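**Q** need the 3D shape of this:
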Amino acid sequence: MQSFDFKDVTLEPGMLKSVLNETMSFYLNIPNDNIMKYMRESAGLPAPGIHYSGWYVNSRGIFLIGQWLSAFSRMYAISGNEAFRDKALYLAEEFWRCQEGALEKAPLLTNRSHYDLDKLLRAHCDLFLYCGYEKARERAAYLVEFADRELTRDNLFGDNSTEWYTLSESFLDAYHILGIEEALPLAKRYEYREFWDLFYQDADPFSKRPVAGLYSEYCHAYSHVNSFSSCAASYAHSRDPYYLKALRTFYEFMQREEVMATGGYGPNYEHLMPKYRIIDALRTGHDSFETQCDSYAAYRLSKYLTCFTGEAQFGHWTESLLYNATAATIPMTEDGKVIYYSDYNMYGARKINRQDGWTCCTGTRPLLVAEMQRLIYFEENGDLFLSQYTPSSLTWRRNGDTIAVRQSTAFPESETVLLSLSMDAPAEFTLHLRMPRWLSGPMTLSCNGEPLETTVDKKGWLTVRRTWQDADKLVITLPSSVWMHSFDPVKGGPNAFLHGPIVLAAEYTGLQTPNDWMDVQALTKKMRPVPGAPLHYSVEGRSDISFRPFYEVQENERYFLYHDTTAHATKLHQE
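**A** Presented below is the predicted three-dimensional model:
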């Protein structure tokens with residue numbers, strides 16, 4: 001199975017399209033001179049523009065340039081706007097001009113540049129694929145040779161600065177996309193077997209303190225999830241079942257032990273931890289989820305597994321993150337401040353952009369937003385798979401013909417999706433629809449007003465096979481309702497409330513927390529829809545608590561997302 005690429009899919013007006021437009025506009029308008037200022041100064045070149053603060057000062061922007069080159073290349077593929085291509089090609093040339101000029105006094109790349117080189121290699125693959133950059137192979141070959149000659153092979157406790165264990169995927173991309181054979185042994189060199197083995201062997205993931213990562217007994221969340229994209233790329237290259245077994249077991253571990261109601265994971269300064277530690281972190285901290293980087297790692301992991309296995313289940317995590325993380329991020333600021341951590345603290349939380357600008361998440365934000373388009377539709381053996389429900393259109397080139405698919409919906413605020421087909425000639429194929437895990441009733445499908453008989457295949461898709469005609473219109477119904485999530489099902493909490501896939505944030509005006517003054521676990525029976533306000537709920541008999549979608553919460557507004565039902569309560573619950 002394979003996903004459709006950027007040029008094949010278009011987001012139509014709706015929530016995700018608004019996120020895409022806002023993000024593309026923001027990044028296109030970052031001045032090139034500001035991006036390059038520190039690097040030009042290092043090279044002794046004229047350096048107009050302003051000095052960015054925050055993480056830019058020490059990094060000189062080198063750790064961001066690779067991700068931004070990828071983002072601009074992909075945004076050109078998405079939009080066809082030549083301004084993105086021009087920006088990508090100009091910045092690529094400027095980077096290499098600075099790299100050459102800075103070699104003697106302040107080199108841009110050093111023996112500790114694993115992270116930077118990882119992003120730059122992938123950038124040159126994107127520059128080649130989407131922008132036709134003629135020097136992509138030459139430049140990438142230089143990076144591969146530099147990596148082989150210069151990058152340290154240290155594996156030191158607490159060394160989170162290199163993230164060497166994510167490199168294999170980029171070396172494999174350099175080999176497969178750009179034909180650089182020297183990259184292949186480097187992909188093998190940087191495999192993270194000491195971590196992957198734990199999952200291949202079904203061992204306790206917490207039985208061994210990681211060598212790489214943070215100064216902690218636990219793993220750094222983002223980079224360790226991201227390392228499994230290298231595991232996935234290794235499977236795609238070799239088809240060795242070791243990689244797929246480790247990959248699947250890790251995914252299952254994440255869903256069972258780590259992932260919260262929003263799809264987020266890795267609280268307490270970005271750690272993968274046992275459930276009891278995560279619950280403690282939700283009580284004591286406001287750093288619940290490294291939103292941008294962690295979402296991007298999860299999107300890529302889920303897409304790999306969908307393609308390898310053909311199973312529908314891997315779209316569930318993607319759906320949670322699309323609406324409760326990517327679309328729930330407040331706008332960035334001109335000085336590079338972005339939501340770094342989502343806040344799920346059980347004693348009150350707020351959305352706040354990180355106070356130091358130009359963090360790693362400003363590199364990842366445009367990539368994960370662009371990636372949305374590659375998560376919606378998949379194809380295999382002439383059949384179509386619909387994994388995400390969102391306004392969008394697909395140009396599907398099938399067996400020499402072109403089929404146009406258009407998805408119209410107000411989902412998640414509506415339960416219906418209209419799928420319109422346009423084709424030159426009738427075509428027989430199977431349509432596969434993901435059945436969300438939150439469905440409150442049977443999912444139904446009709447075509448041109450007539451109900452269709454459907455079956456569920458062995459990989460979890462709702463399927464219908466028929467000869468489709470031009471102008472066919474299908475209506476998909478996705479029954480949804482309010483439900484309560486328990487992070488630890490054994491303890492019965494902490495709890496969050498959702499409507500379908502949408503996490504609901506509580507606005508509470510009473511004393512202390514909702515859990516101190518009411519039986520939170522009984523609230524679903526008393527939640528009533530607010531007329532004219534989709535996914536908003538009042539609570540029968542109470543004026544001090546109401547719910548709305550987490551994605552609607554604005555900067556600095558106080559909310560309760562998780563409720564500490566596993567801790568003490570005042571016993572003043574009012575039924």
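
**Q** relative to R548, how far out is the residue nearest to E12 when sequence neighbours are not counted?
**A** Sequence neighbours aside, P391 is the residue nearest to E12 in space, at 3.8 Å (criterion: C-beta to C-beta, 6 or more residues apart in numbering). C-beta here means a position set from N, CA and C on the backbone, and glycine is covered the same way. Going from P391 to R548 by C-beta to C-beta, to the nearest Å gives 22 Å.

**Q** same question, T364
**A** 27 Å.

**Q** the two: who's more crowded?
**A** T364 (26 against 19; other C-beta atoms under 10 Å).

**Q** does the more buried one touch Y299 like I think?
**A** No - judged on C-beta atoms under 8 Å, T364 makes no contact with Y299 at a distance of 10.4 Å.

**Q** what about the strands in the stretch 151-300 of the chain?
**A** All strands of the stretch 151-300 of the chain, identified by DSSP state E, counting those that start in this stretch, fall at 219-220, 271-272, 289-290.

**Q** ok, how many other residues are close to Y175?
**A** Neighbour tally, Y175, other C-beta under 10 Å: 20.

**Q** ok, I476 next?
**A** For I476, the neighbour count with other C-beta under 10 Å is 21.

**Q** with Y243 instead?
**A** 23.

**Q** how about the nearest residue to it, chain neighbours excluded?
**A** Y235 (3.5 Å).

**Q** CA atoms of the lowest-mean-pLDDT helix or strand in the chain as PDB?
**A** Ranked by mean pLDDT, DSSP states H and E, the weakest helix or strand in the chain is helix 514-517, scoring a mean of 88. Output of helix 514-517 as PDB, limited to C-alpha atoms (Å, rounded to 0.1, in the frame of the first residue of the first chain):
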ATOM      1  CA  PRO A 514     -14.100  20.000  39.100                       C
ATOM      2  CA  ASN A 515     -13.100  16.700  40.700                       C
ATOM      3  CA  ASP A 516     -13.200  18.300  44.100                       C
ATOM      4  CA  TRP A 517     -16.800  19.300  43.800                       C
END
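
**Q** and the next helix or strand past it?
**A** strand 527-529 (DSSP states H and E).

**Q** neighbouring strands - and their directions - for the following helix or strand past that following strand?
**A** Following strand 527-529 in sequence order, the next helix or strand is strand 537-539 (DSSP H and E). Strand pairing for strand 537-539, determined by DSSP bridges: strand 527-529 (antiparallel), strand 542-549 (antiparallel).

**Q** remind me what the helix or strand where D116 lies packs against, helices and strands.
**A** Element membership for D116, per DSSP H and E: helix 114-131. When contacts are defined as 3 or more C-beta pairs under 8 Å, 6 or more residues apart in numbering; DSSP states H and E, helix 114-131 sits against helix 62-79, helix 82-101, helix 136-150, helix 167-178.

**Q** would you reformat those helices as TSV and include distance to Q407 and mean pLDDT?
**A** Output for the helices and strands packed on helix 114-131, formatted as TSV (distance: least, C-beta to C-beta, whole Å; pLDDT from 0 to 100):
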stretch	distance to Q407	mean pLDDT
helix 62-79	17	98
helix 82-101	25	98
helix 136-150	34	98
helix 167-178	30	98
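
**Q** among those helices, which is nearest F411?
**A** helix 62-79 (21.2 Å; C-beta to C-beta).

**Q** what helices or strands is the closest one leaning on?
**A** Using 3+ C-beta pairs under 8 Å, 6+ apart: helix 62-79 touches helix 15-28, helix 32-42, helix 82-101, helix 114-131, helix 360-371.

**Q** packing partners of the third one?
**A** When contacts are defined as 3+ C-beta pairs under 8 Å, 6+ apart, helix 82-101 sits against helix 15-28, helix 32-42, helix 62-79, helix 114-131.

**Q** make a markdown table from those helices and add mean neighbour count to it.
**A** Converted to a markdown table, the helices and strands packed on helix 82-101 look like this (neighbours: other C-beta atoms under 10 Å):
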| stretch | mean neighbour count |
| --- | --- |
| helix 15-28 | 18 |
| helix 32-42 | 20 |
| helix 62-79 | 24 |
| helix 114-131 | 24 |
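
**Q** for the helices and strands packed on helix 62-79, give me JSON lines that also has distance to Y175.
**A** Output for the helices and strands packed on helix 62-79, formatted as JSON lines (distance: least, C-beta to C-beta, whole Å):
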{"stretch": "helix 15-28", "distance to Y175": "29"}
{"stretch": "helix 32-42", "distance to Y175": "28"}
{"stretch": "helix 82-101", "distance to Y175": "20"}
{"stretch": "helix 114-131", "distance to Y175": "10"}
{"stretch": "helix 360-371", "distance to Y175": "21"}
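
**Q** so which of these is nearest P412?
**A** That would be helix 15-28 among the helices and strands packed on helix 62-79, by C-beta to C-beta, at 8.1 Å.

**Q** angle of the closest one against helix 82-101?
**A** 40 degrees (axes from the mean of the first three to the mean of the last three C-alpha atoms, to 10 degrees).

**Q** buried residues in stretch 192-212?
**A** Residues Y192, F195, W196, L198, F199, Y200, P205, F206, P210, A212 are the ones in stretch 192-212 that count as buried (16 or more other C-beta atoms under 10 Å).

**Q** report pLDDT for the fourth one.
**A** We note a pLDDT of 95 for L198 in this prediction.

**Q** and the last one, by the same measure?
**A** In this model, A212 is scored at 73, pLDDT.

**Q** what does the second one give?
**A** pLDDT, F195: 93.

**Q** low pLDDT regions in this structure?
**A** Under the criterion pLDDT under 70, the flagged ranges of the chain are 156-160, 213-215, 568-575.

**Q** just to revisit the earlier point, pretty sure the residue nearest to Y243 is touching K245, no?
**A** No - applying C-beta under 8 Å, one finds Y235 not in contact with K245, separated by 9.4 Å.

**Q** between these two, point out the one with more neighbours.
**A** Neighbours were counted for Y235 and for K245 using other C-beta under 10 Å; Y235 has more, 20 against 17.

**Q** contacts only, for the more buried one.
**A** Taking C-beta atoms under 8 Å, 6 or more residues apart in numbering, we find Y235 in contact with Y243, L244, L247, F308.

**Q** and the third one, how far from Q521?
**A** It refers to L247. 35 Å.

**Q** higher neighbour count, those two?
**A** When L247 and Q521 are compared for neighbours, L247 comes out ahead with 24 against 16, by other C-beta under 10 Å.

**Q** quick check: that one touching C231?
**A** Yes - between L247 and C231 a contact is recorded at 5.3 Å, counting by C-beta under 8 Å.

**Q** tally of neighbours for the closest residue in space to F411 that isn't next to it in sequence?
**A** The shortest distance from F411 to any non-neighbouring residue, by C-beta to C-beta, 6+ apart, is to Y389 (4.6 Å). When neighbours are counted by other C-beta under 10 Å, Y389 registers 26.
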